[in-house]
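In: take this sequence and fold it.
(2 chains)
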Amino acid sequence: MSQLRSRTLQSGTSSRIVTEDFLADNNTNQDILVRFQLENGLKAITVTSTNTQIIRDGLNAYHGQHEQDINLLRSVIFWLRNNLDYDGVYTAFLLGCLSEEEFEEESEKFTVYEEFVDPIKIAQDIQKMYSLIGVDFDTSDYAGYFKCSQENVMEGLKLLKNNPIFMEKLPQKIIQEIGL
Amino acid sequence: MTLGLGVCSSIEGNKLKLSTRKINPQPSPVVDIKSGKKVYKFKLSYDGSAEIVDPLDSNDPAVYSTSMLDIGDKIQGSSIDGWTEKVIKQGDIEVVNRTSTHKGSEIEIKCRFYAHVQTVHKHHAESEDVQKRHPEIIQVINPDLKNPF
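Out: The predicted structure follows:
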């Protein structure tokens, strides 16, 4: 904040809004952002300047901090959209608009191949997801999202033993194992 | 016949009977990591139950060692999920009168299946006392279930 500079100018005393000393004070050849604040019923103007790079760095840091959140939300939306699309195909099949062969062919596009996912990643993503959207899904939903088995999801949930919302999803045997 | 009410109680067999008030949107089919087969997932809520009509063949091992495997073994919960090796078709679903006030769906499908309790009946889970004093409460929740104990 050392680069933040401000001057309060009395608008009635001069026709110049920005004083010469403000502009002459080491601001030459610098990329700065200038902010004008009207105060005291328009009788005074506070002019604040900040190096543009500082603002840019701040915004970049903010963006970096939330980029993972945005990617997570994007992946949740993609997963839900995929489910909706598949459910549309299945509904068409139930209504007789698609033959079984056509349905088999269409459903192949949505088929998920389960893989093992690191339980730590599962725990982190579930916790982040819950903090961002305030919704806890079922273990089968999480399994669909992570493209893994429900047992794999439960391995992740076990790491969230400080949150009773997630412990409710685990069988009694596991809850006893982790000492709750 | 065993009745499973706890989270993750599961059954496996070759013919399945499902009963529910609500069939949720179907999740995408998956290639199961254990069996390596493509299976169609299902999800039921508003009081779901699943029952083994035909058991597994003797040479066909269960995917999950904790699953119940006998004819008539049943699971029941607030939501039930699982998979079938064949997709559930319109002809497999029948709308029936479940109580005097509302209807429900019954699904019978002949194929390899797995079903498990995802969430329990909260009123059951939260009150052991009610379970002890009023075991018939299960039949109140699901009148379709005969002689649960």
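In: got the contact list for B:P55?
Out: B:G13, B:N14, B:L69, B:D70, B:I71 (Cβ atoms under 8 Å, 6 or more residues apart in numbering or on different chains). (C-beta placed from N, C-alpha, C; glycine too.)
In: quick one: classify the residue nearest to the spatial centre of chain A as helix, strand or coil.
Out: Here the mean C-alpha position of chain A is nearest to the C-alpha of A:D69 (Cα atoms, centre = their mean), at a distance of 2.5 Å. Following DSSP: H, G, I helix; E, B strand; the rest coil, A:D69 is assigned to helix.
In: measure it to chain B for me?
Out: 25 Å (Cβ to the nearest Cβ, to the nearest Å).
In: nearest spatial neighbour of that residue, chain-adjacent residues omitted?
Out: A:L132 (6.0 Å; Cβ to Cβ, 6 or more residues apart in numbering or on different chains).
In: which SSE is the residue nearest the centre of chain B in?
Out: For chain B, the residue nearest the mean C-alpha position is B:A50 (2.2 Å; Cα atoms, centre = their mean). Assessed by DSSP states H and E, B:A50 sits inside strand B:48-54.
In: who does that strand pair up with?
Out: strand B:10-20 (antiparallel), strand B:74-77 (antiparallel) (DSSP bridges).
In: report the separation between the residue nearest to A:D69 and B:A62.
Out: Computed as Cβ to Cβ, to the nearest Å, the A:L132 to B:A62 distance reads 38 Å.
In: about what we covered before: packed most tightly, which of the strands paired with strand B:48-54 would that be?
Out: For those, the largest average neighbour count (mean count of other Cβ atoms under 10 Å in any protein chain shown) is found in strand B:74-77, namely a mean of 26.
In: average model confidence for that one?
Out: Averaged over strand B:74-77, pLDDT sits at 88.
In: beyond that strand, next helix or strand please.
Out: Next element after strand B:74-77 (DSSP H and E): strand B:79-84.
In: in stretch A:159-176, what counts as buried?
Out: Going by neighbour count (16 or more other Cβ atoms under 10 Å in any protein chain shown), the buried part of stretch A:159-176 is A:L159, A:L160, A:K161, A:F166, A:M167, A:K169, A:L170, A:P171, A:I174.
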